[in-house]
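Novice: have a look at this prediction, sequence included:
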Amino acid sequence: MKIHAIQTGTVALTASWREGVGHGRRRMLNTLLDREWTGPLPIYAFAIEHPEGVIVVDTGETARVTEPGYFPRWQPFFRFAVRERVEPEEEIGPQLERLGVTPSDVRMVVLTHLHTDHAGGLHHFPSNQILVSRTEMEYATGVRGRLRGYINKRWPAWFSPTTVDLPPAPFGPFPQSLPLTEAGDVILVPVPGHSPGQVGVIVEEGDHTVFLAADSSYTESAMLRGVVDGIGADEDAECLTLERIRAYAAETPTVYLASHDPDTAARLAERKTVGEAPEQVRA
Ligand SMILES: [Zn+2]
């Protein structure tokens with residue numbers, strides 16, 4: 001199966017956004033007030049070329065983020081703690097075209113969660129089925145969604161995704177799961193914490209799996225150390241998710257791909273599994 005990591009521009013964050021400092025409200029404040037920044041980090045979306053049709057996971061960010069007023073001025077995180085850069089040709093639409101994938105090849109689009117850098121390319125998929133967890137959709141919609149940092153006014157007017165509830169079918173350490181293909185080899189699992197309805201996508205490839213982990217952590221190293229980010233909605237849920245991912249990776253060779261990890265594309269290309277990470281070999 002071919003899996004493409006599609007980089008739709010970059011995002012720089014405060015250092016305490018990538019790895020949270022402190023707990024509760026203080027953790028959020030640290031994220032906002034930190035003067036130290038990460039370098040530009042990739043914003044990845046993915047395309048799985050499956051025999052049953054292409055599954056797109058996340059839509060990346062849009063080049064419109066550089067337009068003045070694209071993000072609401074009152075939203076402190078966008079003013080003080082995040083800087084995105086996307087060129088028009090870096091949007092997911094033109095990149096899929098360059099890969100030879102037409103919109104009609106796309107069987108479905110899965111949104112791991114609804115943050116702007118995962119939902120910013122939605123306008124490229126007006127005629128496709130789009131899947132979002134019901135929990136995420138409810139959390140991200142309306143005024144409350146906006147207060148929680150979702151840029152839902154920028155969603156296309158036609159946006160009305162298929163909302164899914166993951167059934168109570170355990171998959172390894174994950175208490176729920178939902179296969180997306182007839183073959184049962186592409187599976188949604190819950191990875192709440194960073195956002196309440198975040199889902200991960202597991203792709204089975206023979207003796208290993210590829211785990212599209214969204215923003216469960218910003219790096220593989222943070223996942224292994226159990227370090228949560230600086231903005232996640234629920235710290236405890238985030239910790240539990242990281243614990244489950246570690247348990248999963250301990251029983252199944254797993255290529256762990258976080259959406260903003262600079263090593264994601266190389267890990268995917270080499271199918272480098274979690275135990276093989278250089279920092280693990282040295283430890
Ligand atoms: Zn996110």
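Specialist: Looks like it came in fine.
Novice: quick check: the gap between the closest residue to L114 other than its chain neighbours and G9.
Specialist: Closest residue to L114 apart from its sequence neighbours, by C-beta to C-beta, 6 or more residues apart in numbering: A140 at 4.1 Å. The C-beta positions use only the backbone N, C-alpha and C, and glycine is treated the same way. Noted for A140: a distance of 21 Å to G9, by C-beta to C-beta, to the nearest Å.
Novice: tell me what the host helix or strand of F211 is packed against?
Specialist: Using DSSP states H and E, F211 sits within strand 208-214. Here strand 208-214 touches strand 199-205, helix 235-251, strand 254-258, going by 3 or more C-beta pairs under 8 Å, 6 or more residues apart in numbering; DSSP states H and E.
Novice: can I have the shortest one written out in CSV, keeping just the CAs?
Specialist: Provided in CSV are the C-alpha atoms of strand 254-258 (Å, rounded to 0.1, in the frame of the first residue of the first chain):
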residue,chain,number,x,y,z
THR,A,254,4.5,0.5,14.7
VAL,A,255,5.6,3.3,12.5
TYR,A,256,4.4,6.3,14.6
LEU,A,257,3.6,9.4,12.5
ALA,A,258,2.7,12.6,14.3
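Novice: and that strand, how far out from the chain middle?
Specialist: 12 Å (C-alpha atoms, centre = their mean, to the nearest Å).
Novice: report whether it contacts the ion.
Specialist: No: remark: strand 254-258 sits outside contact range of the ion, by C-beta under 5 Å from the ion, the gap being at least 10.4 Å.
Novice: kindly report the same for the longest one.
Specialist: No: among the residues of helix 235-251, none lie within reach of the ion under C-beta under 5 Å from the ion; the closest is 11.5 Å away.
Novice: just want the angle from that helix to strand 254-258.
Specialist: Orientation of helix 235-251 against strand 254-258 (axes from the mean of the first three to the mean of the last three C-alpha atoms, to 10 degrees) gives an angle of 150 degrees.
Novice: let me see the contact set for the residue nearest to L114.
Specialist: The neighbours of A140, taking C-beta atoms under 8 Å, 6 or more residues apart in numbering as the test, are 113-114, 148, 150, 152, 195, 197.
Novice: so for R79, which of the helices and strands packed on strand 208-214 sits nearest?
Specialist: Of all those, helix 235-251 sits nearest to R79, with 23.5 Å by C-beta to C-beta.
Novice: tell me the most buried of the helices and strands packed on strand 208-214?
Specialist: strand 254-258 (a mean of 25; mean count of other C-beta atoms under 10 Å).
Novice: check which helices and strands that one sits against.
Specialist: Using 3+ C-beta pairs under 8 Å, 6+ apart, strand 254-258 sits against strand 208-214, helix 220-225, helix 235-251, helix 264-270.
Novice: direction included, what does it pair up with?
Specialist: Using DSSP bridges, the strands paired with strand 254-258 in its sheet are strand 208-214 (parallel).
Novice: from the chain's centre, how far out does the partner strand sit?
Specialist: 11 Å.
Novice: same check on stretch 172-187?
Specialist: With C-alpha atoms, centre = their mean as the basis, stretch 172-187 stands 17 Å off its chain's centre.
Novice: quote the end-to-end distance of that stretch.
Specialist: Using C-alpha to C-alpha, to the nearest Å, the end-to-end distance of stretch 172-187 comes out at 12 Å.
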